[in-house]
Structure formats: C-alpha cells, structure tokens
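Engineer: build the 3D model from these lines:
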Amino acid sequence: MFVGVNGRSRHQFNYDANNVAPRFGLAYSVDSKTVIHGAFGIVYGPSPQAAAGTVGPFGFRVQNTWVSSLDGITPYDTLDNPFPGGFQPVPGAAQGLATGVGGQIEGFLRTTVSPYVEQYSVNIERELPGDSHIHVGYAGNHGLKLQQSREGGIDFDQLPTSALSLGSKLNDLVANPFYGVITSGTLAAAKVSRGQLLKPYPQFTSVLPLFLPGGQTKYDALQVKYDKRFGMGLQVNASYVFSKTYDTNSTHQDSYNPSEDYAVASQHTPHRIVAGYIYQLPVGRGRAFGGQMSRSLDAVVGGWQVNGITTLQSGNPLQVTASNVSGLGNPIEYANYDGTNPTLSGDIHNRLTRSFNTAAFSQPAAYTLGTAPAYISRLLSPRLITTDFSIFKEFHPYREMAVQLRGEAFNAFNHVQFGSPNTSVNSTSFGQITSQANSPRQLQFGAKLLF
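Structural biologist: As a prediction, this is how the structure comes out:
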C-alpha cells in the first residue's frame, strides 16, 4: 500500500508505544572486604519506525531490469539491445497493487517494532592480601525482536520447500499467465519457469521485508578479573571470560523457517584471557633503592620499566557452505553434516592443508537443503596468542626534568595467527588455510620529554 493514498493513514507503522525500560540494581556488603552486586535492565535499540515514505523503485521511481536469461543458460536480451521493450514510465500510485509487478519489491511491515535487550549480571568482589582484589561474576543478555535479516536474507516470495519434490521440473518453461500484462523483466516473456508460478506471489521475482523483527541473541558469560595495585613498582591485572553467544543468523536457507538457523554466533569466542603488567624496577633516583644515586649512575642502572599485554583467545565458529542447488532462490545453502566432531588434533602448522575433518561434510543433492547448522560450535578458526611488550628508560639530566626513551614491540614473539580455513565444500582448497590473520612483529621507538 501507499501511505496517505486513497484515504489511508499517513502513519507508516502501527504505534509501538509500550517500550517500558525498567532498570534495577543492588549492592550488599557482606563484610568490610566483600561486596555482592546485581543488576537487571531492559535497553531498547533505535526505533526502525522513522518515516521513510515509499522505499525502493515503486511508483515514484522506476527500475528497468535487464533480462540476461530466462532459464539461467540461454541468452535472452543482448547487450546491443538490452531493453527491447523500451523504458517504463513513472506511474505514481495509480497502479495500486500492481505497482512493481514483474520485479523485486521491498518495504516495511506496518507491525515493525523496536528491538530490545534484557541485560543482567551478578558478581562478587573480594579484597585480597597484598593490595589486590578479585572479581567473579556472571553477565548475560538476551536480545529480542531484533532485525533478523539483512536485505535479501528473508524472502516472503521464496518457493515453498514442499515444491522441491518436483526436482528439475521446476525449471521447465511453461506458458506465462502474465504475458502481455507485465511488460518488463523476466515475467514479460511468453514463457516462464514452473518454479516462478509456484511462488506465493508469482507476479514478483522476490518480496523482501525491511527491518523484519523476530531475531534473537543470547549471551552468557563467566567473568573473572584479578588486579594487583602498584607495590614495589609492580602492577598486574588479568581477566578471563568463558562465554557462549547464540543468534538467529542474518542469512537463511529457508525464509519460512529462520529459527532453524539459531546457533552459535559468528563472533562466539568461548575463552579469552587478557593479562596486563607493569614493572618499574625499584632502582634509581626517586625509587626504593638508590634514590640518591648520582645522575651518571642513574643513567645506567636506574629508571627502567617494562610493560606488557598478553592475549590468549579461542577462534570463532565456522560456517560450512555448499553450492546452492536447492532451487528455492535462497541466498545461501549449508553443507550436509554427519554430526561427528570435525576437529583434528596436532600442531596447526602441520594441518594447514587439512585443518579439520573435511569428510564430515558433503554437497547436498539437488533440490534439497543442507543439514549443517548456520555455524558449528565445535569447529573454530585458529586461536589467537599474542604479546605486546615495551621497555622504558628514564634519564634525569637536570632537576625535575626527565627524558624517557621507549621501545615497543607489537606481537613481540612474532606468533602467527592463521586465517580461517576455506569452508566451501566444493572448493579444491576446502579445509585449507592459506592466509594469516594478524601482522608480524612490529617495532617502534620514541622519546618523551617531561618537565
């Protein structure tokens, strides 16, 4: 429908006026060194109900589509005469429900609502001897009514999966009931594929909803953090997160069943450890030992400081895809998966040509869908291990003036993080790793004057 036409409301959406966002928090001091915190809140994302008028080339814009082939094989309109029927005029709203027939349409649903996330956490903090402290907690969130597809991820005009039993007959060219009515695009020809006529809206090539709500995410994490404040020049902080992240994915094998793609998210990272450390050697002018030493001696043995950040992190889940032979016109097809554990043991350097068990996956038969999940929780990309390291040296040439020389190394131990393997089941390099995901060691030097 066109907003504001033929007496319709000028409002594009039904009101979404119940976005209540409560937040609660509590803190309880068990004793002088132990505190328990807890919180819950609902947070809404940006509303997709901003006025957008008529979206796409419908009515007030015209899209002239070049038809290269009707069956995907035989050329139809040629480059020397790409639009033999001429160009379409701009119809405005006069065509009503016939607006855009013969091509792809897209638009908003009147029932589009605001997405929101439920956030919750419980943690315990405890002060420890040695001027240190530990934090142990649980954090989670649950996203609801999220946009569950990018444009093209869900098609309301997808061929029903029940039609796949017809097999290759879906590609047969049959008489086109729209011939002479639709004057441009693939549906303007005298014949059209049988599969096109079995779609819910055969007068269109696809029907794409924008900002379609219904997507979900789920995140649960154990979080542990330890920090040691400066004492004798040493400061340490370290954190560990064990988490699980799920979502409904954004591209689907079957537009009528997107919940089937609820699986571990592409950014799921089961384990992550980050440790940071600073050590000012307690030797030199103004420090615990040799605080009154001469400037010449301090220039050699005093004013040293070392710093570092070390990160150890699991890889992310992989998606194993296949050649799209389903015949549904869907944007993606997963491989068939036998359900066994596809991971292989051993040094990754020795598995670059076969990083996982490729025999667990296969190409689906024509006019069927793959059985693998959207992302496979047991099949991860190579892990990350890296350390950034620096060393500082301070000189005190005059009174309170200080000169600091700095040497810094990123990926100091030159540890390679390999890229993700090829996950296309029909590729000649399926399962192979051919890239590096991080940068090799990088060094930089600097000087700072403090006065």
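
Engineer: need the contact list for residue 186.
Structural biologist: 65, 67, 70, 102, 192, 196, 205 (C-beta atoms under 8 Å, 6 or more residues apart in numbering). Where C-beta positions appear, they are placed from N, C-alpha and C, glycine not excepted.

Engineer: kindly recompute the last result at 7 Å.
Structural biologist: Residues near residue 186 by C-beta atoms under 7 Å, 6 or more residues apart in numbering: 67, 70, 192, 205.

Engineer: how much space separates residue 142 from residue 287?
Structural biologist: Distance, residue 142 to residue 287, using C-beta to C-beta, to the nearest Å: 51 Å.

Engineer: who's more crowded, these two?
Structural biologist: Using other C-beta atoms under 10 Å as the criterion, residue 142 and residue 287 rank with residue 287 on top: 19 against 16.

Engineer: circling back: just give me the closest of the contacts of residue 186 to residue 13.
Structural biologist: For the contacts of residue 186, the residue nearest residue 13 by C-beta to C-beta is residue 205; the value is 26.0 Å.

Engineer: what is the burial count for that closest one?
Structural biologist: Count around residue 205 with other C-beta under 10 Å applied: 21.

Engineer: got the phi/psi numbers for it?
Structural biologist: Note on residue 205: its backbone torsions stand at phi -80, psi -30 [degrees, to the nearest 10].

Engineer: which residue sits closest to it, ignoring its sequence neighbours?
Structural biologist: residue 104 (5.1 Å; C-beta to C-beta, 6 or more residues apart in numbering).

Engineer: kindly provide the whole-number mean pLDDT of the helix ranked longest in the chain.
Structural biologist: For the chain, the helix with the greatest residue count under DSSP state H is helix 295-301. Averaged across helix 295-301, pLDDT comes to 83.

Engineer: stretch 339-346 too?
Structural biologist: 94.

Engineer: contacting residues for the residue nearest to residue 205?
Structural biologist: Neighbours of residue 104 in contact, by C-beta under 7 Å, 6+ apart: 204, 205, 206, 208.

Engineer: so what are the sheet partners of the longest strand seen in the chain and their directions?
Structural biologist: Criterion DSSP state E: the longest strand present in the chain is strand 215-231. Partners of strand 215-231 in the sheet, by DSSP bridges, are strand 132-146 (antiparallel), strand 234-247 (antiparallel).

Engineer: so can I have a markdown table of those strands showing mean pLDDT?
Structural biologist: Formatted as a markdown table, the strands paired with strand 215-231 follow (pLDDT from 0 to 100):
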| stretch | mean pLDDT |
| --- | --- |
| strand 132-146 | 96 |
| strand 234-247 | 96 |
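
Engineer: which of those strands sits closest to residue 394?
Structural biologist: Taking the strands paired with strand 215-231 one by one with C-beta to C-beta, strand 234-247 is closest: 16.9 Å.

Engineer: let me see the ranges of the helices in the chain.
Structural biologist: Using DSSP H, the helices of the chain run over residues 194-197, 295-301.

Engineer: between those, which gets nearest to residue 374?
Structural biologist: Comparing the helices of the chain under C-beta to C-beta, the one sitting nearest is helix 194-197, at 24.7 Å.

Engineer: coming back round to it: highest mean neighbour count out of the helices of the chain?
Structural biologist: The highest mean neighbour count among the helices of the chain, using mean count of other C-beta atoms under 10 Å, belongs to helix 194-197: a mean of 19.

Engineer: please enumerate the strands of the stretch 151-300 of the chain.
Structural biologist: For the stretch 151-300 of the chain, the strands defined by DSSP state E, counting those that start in this stretch cover 173-175, 191-193, 206-210, 215-231, 234-247, 263-264, 271-280.

Engineer: ok, of those, where does mean pLDDT dip lowest?
Structural biologist: strand 206-210 - the lowest mean pLDDT of the strands of the stretch 151-300 of the chain, at a mean of 89.

Engineer: do you know the pLDDT at the closest residue in space to residue 299 that isn't next to it in sequence?
Structural biologist: Distances taken as C-beta to C-beta, 6+ apart place residue 395 nearest to residue 299, at 5.5 Å, with adjacent residues excluded. At residue 395, the model reports a pLDDT of 86.

Engineer: redo the contacts of residue 104 as CSV? Include distance to residue 164.
Structural biologist: Output for the contacts of residue 104, formatted as CSV (distance: C-beta to C-beta, whole Å):
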residue, distance to residue 164
204, 20
205, 19
206, 18
208, 21
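
Engineer: closest to residue 84 among these?
Structural biologist: Of the contacts of residue 104, the one sitting nearest to residue 84 (C-beta to C-beta) turns out to be residue 205, at 18.8 Å.

Engineer: out of the strands paired with strand 215-231, which comes closest to residue 451?
Structural biologist: Nearest to residue 451, of all the strands paired with strand 215-231, is strand 234-247, at 25.0 Å by C-beta to C-beta.

Engineer: just the CA trace of the closest one, in CSV.
Structural biologist: Output of strand 234-247 as CSV, limited to C-alpha atoms (Å, rounded to 0.1, in the frame of the first residue of the first chain):
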residue,chain,number,x,y,z
LEU,A,234,54.6,-3.9,40.2
GLN,A,235,51.1,-3.7,38.9
VAL,A,236,49.2,-6.7,37.4
ASN,A,237,45.7,-7.1,36.1
ALA,A,238,44.3,-10.2,34.4
SER,A,239,40.8,-11.2,33.2
TYR,A,240,39.3,-14.4,32.0
VAL,A,241,35.9,-14.8,30.2
PHE,A,242,34.2,-18.1,29.4
SER,A,243,31.2,-17.4,27.3
LYS,A,244,28.5,-18.7,24.9
THR,A,245,26.9,-16.5,22.2
TYR,A,246,24.0,-17.5,20.1
ASP,A,247,21.9,-15.8,17.5
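
Engineer: follow-up on the earlier one: residues contacting the longest strand of the chain, please?
Structural biologist: Strand 215-231 has contacts (C-beta under 7 Å, 6+ apart) with 130-144, 146-148, 234-248, 262, 265.

Engineer: list the buried residues in it.
Structural biologist: Buried residues in strand 215-231, counted by 16 or more other C-beta atoms under 10 Å: 215, 217, 218, 219, 221, 223, 225, 226, 227, 228.

Engineer: would you turn these into a markdown table with distance to residue 28?
Structural biologist: Below are the buried residues of strand 215-231 laid out as a markdown table (distance: C-beta to C-beta, whole Å):
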| residue | distance to residue 28 |
| --- | --- |
| 215 | 36 |
| 217 | 30 |
| 218 | 27 |
| 219 | 25 |
| 221 | 22 |
| 223 | 19 |
| 225 | 19 |
| 226 | 22 |
| 227 | 22 |
| 228 | 25 |
